[in-house]
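Trainee: Could you look at this predicted model? Sequence included:
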Amino acid sequence: LKTVLDPAWAQPTEPLVDPPFGQYLDEVLLGIVGGAGDAAAKDVRPSPRNPGGTVSALHRAEALAHILAMEHTRHICRSTFWLVLAGAFGQVRATVARRFREQLGKGWFAITLHCMTTYADDRDMQDAVLWSLPFLIAQSIYRLLVDGFIEDRKRFINDAEAMVLKASQIAHFEVTGFQVSPEVVRKSRNRLFLKRVVKSPHIDQRELMKGRKRQEILECHTANAALQPLSFGDPSGSLEETQLDHVLHGSEARRQAELKLLAAGKQAWELAATPVPEHLCVQRHMPLEQFGKALRRAQTKRLTSIVGYVSDGAASSDGEDDDDGTATPSDGGSPGPTPLSATSPLPGRRMSQQWASEADG
């Protein structure tokens, strides 16, 4: 959308696209030292803190979780996101960037005042929280860029270090007024984030934690069933998402095969009967799926009429809906929508080039 990277609306408080900043700020907490995603601190509870001592990773993570849940922090992240687009890509007008800086200043003042009130007798904790916030916001903004700019995802991943460095420097400068060196950014990230985040900042920490949890459950079941007799068709355990996805694909493939046989002249009674009762068959969800596809087509058509531009993804959306459903998850298709692209798709490199050519014209 041209209005995303070249905004000209009257008030920046009501942007045309508002990414889910809170979701990405919550995700960042899973990648910090001492946070919920730190295996070393999983079963460790922080002891009561005595002001004046060194701030431990557990106390810092606990305080950051409280700060990141505030609405002011989300406003700061939102303003910094557009300022990063302005500083790194030069795609935001100066008048709009000035308004976002005003909002950022108000939000940062509110956070600073809250920290001074909450930790009035603990200056070290205040410094630790305020020092960490710019780097956390930069990490969440980088994740937003990776998920939002689908066409440039590979470039963002290949240039992850440079992108994170640039976002961190811009975020730190906008909230403090001081430019930090690349070495300071690297040392700060190594101190604040887990090794997996520093090494691969583009990875979705939520999906990573879900995968680890599934692996732990699988290993636990394997260990418990090692000395047990074999059993088949045990309905006690629930299916995971991947298994459910396979079941849906198999059911759809079976339904398409039956439709082809009926079209070829076979009678319904000649088809193989299924042992699944009708009230438990997954086909009872088909009306809901058709409704979702119709809603998607309507929204895509409306968005296309507003923007006046049809991208390759929008042009091929109808073709995807007409799929016969015989594909399986192992076919290597394109990845599904990300949390950002599913709610507010942002443009990629080709759209920006088109706008530049239009401006030159």
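Mentor: Looks like it arrived, so ask away. Residues are numbered from 1 along each chain as shown.

Trainee: in the chain, which ranges drop under the pLDDT threshold?
Mentor: For the chain, residues meeting the criterion pLDDT under 70 lie at 1-17, 223-241, 274-275, 308-361.

Trainee: Mind doing that once more with 50?
Mentor: Scanning the chain with the threshold set as pLDDT under 50 gives 1-10, 12, 311-356, 358-359, 361.

Trainee: what ranges do the strands span in it?
Mentor: For the chain, strands defined by DSSP state E do not occur.

Trainee: What segments of the stretch 51-200 of the chain are helices?
Mentor: Per DSSP state H, counting those that start in this stretch, the stretch 51-200 of the chain carries helices over the ranges 57-68, 71-84, 94-118, 123-148, 153-158, 160-176, 182-192, 195-199.

Trainee: Alpha carbons of the first one, in PDB - could you do that?
Mentor: As requested, the backbone C-alpha atoms of helix 57-68 are provided in PDB (Å, rounded to 0.1, in the frame of the first residue of the first chain):
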ATOM      1  CA  ALA A  57      18.600 -11.200  35.000                       C
ATOM      2  CA  LEU A  58      15.500 -12.600  36.700                       C
ATOM      3  CA  HIS A  59      14.600  -9.300  38.400                       C
ATOM      4  CA  ARG A  60      15.200  -7.400  35.200                       C
ATOM      5  CA  ALA A  61      13.000  -9.800  33.200                       C
ATOM      6  CA  GLU A  62      10.200  -9.500  35.700                       C
ATOM      7  CA  ALA A  63      10.300  -5.700  35.600                       C
ATOM      8  CA  LEU A  64      10.500  -5.700  31.800                       C
ATOM      9  CA  ALA A  65       7.400  -8.000  31.600                       C
ATOM     10  CA  HIS A  66       5.500  -5.400  33.600                       C
ATOM     11  CA  ILE A  67       6.700  -2.500  31.500                       C
ATOM     12  CA  LEU A  68       6.100  -4.100  28.100                       C
END
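
Trainee: which strands and helices sit next to that helix?
Mentor: helix 21-28, helix 94-118, helix 123-148 (3 or more Cβ pairs under 8 Å, 6 or more residues apart in numbering; DSSP states H and E). Just so you know, the C-beta spots here come from the backbone N, C-alpha and C atoms, and that holds for glycine as well.

Trainee: same thing with the last one?
Mentor: Based on contacts counted as 3+ Cβ pairs under 8 Å, 6+ apart, the elements that helix 195-199 packs against are helix 182-192.

Trainee: make it 10 Å
Mentor: helix 160-176, helix 182-192, helix 205-224 (3 or more Cβ pairs under 10 Å, 6 or more residues apart in numbering; DSSP states H and E).

Trainee: Turn the helices of the stretch 51-200 of the chain into JSON lines, columns for distance to residue 254.
Mentor: What follows is the helices of the stretch 51-200 of the chain, written out as JSON lines (distance: least, Cβ to Cβ, whole Å):
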{"stretch": "helix 57-68", "distance to residue 254": "47"}
{"stretch": "helix 71-84", "distance to residue 254": "46"}
{"stretch": "helix 94-118", "distance to residue 254": "53"}
{"stretch": "helix 123-148", "distance to residue 254": "34"}
{"stretch": "helix 153-158", "distance to residue 254": "35"}
{"stretch": "helix 160-176", "distance to residue 254": "43"}
{"stretch": "helix 182-192", "distance to residue 254": "50"}
{"stretch": "helix 195-199", "distance to residue 254": "41"}
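
Trainee: Residue 43 is nearest to which of the ones you listed?
Mentor: Residue 43 sits nearest to helix 57-68 of all those, at 11.6 Å, using Cβ to Cβ.

Trainee: tilt between the closest one and helix 123-148?
Mentor: Angle of helix 57-68 versus helix 123-148, following axes from the mean of the first three to the mean of the last three Cα atoms, to 10 degrees, is 60 degrees.

Trainee: I'd like the distance from helix 57-68 to the chain centre, please.
Mentor: 21 Å (Cα atoms, centre = their mean, to the nearest Å).

Trainee: now that helix and helix 182-192, what's the angle there?
Mentor: 100 degrees.

Trainee: For residue 170, give me its contacts.
Mentor: Under the criterion of Cβ atoms under 10 Å, 6 or more residues apart in numbering, the contact list for residue 170 reads 80, 83, 84, 85, 86, 87, 88, 134, 137, 138, 141, 179.

Trainee: related to what we said a few turns ago, who wins for proximity to residue 69 among the helices and strands packed on helix 195-199?
Mentor: Of the helices and strands packed on helix 195-199, nearest to residue 69 by Cβ to Cβ is helix 205-224, at 16.2 Å.

Trainee: How about residues contacting that closest one?
Mentor: 23-24, 26-32, 35-37, 39, 139, 143, 194, 196-197, 200, 204, 237, 240-242, 339.

Trainee: Of these, grab the buried ones for PyMOL.
Mentor: Here is the PyMOL command that picks out the buried ones among the contacts of helix 205-224, judged by 16 or more other Cβ atoms under 10 Å:
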select buried, resi 23+24+26+27+28+29+30+31+32+35+37+139+143+194+197+204+339
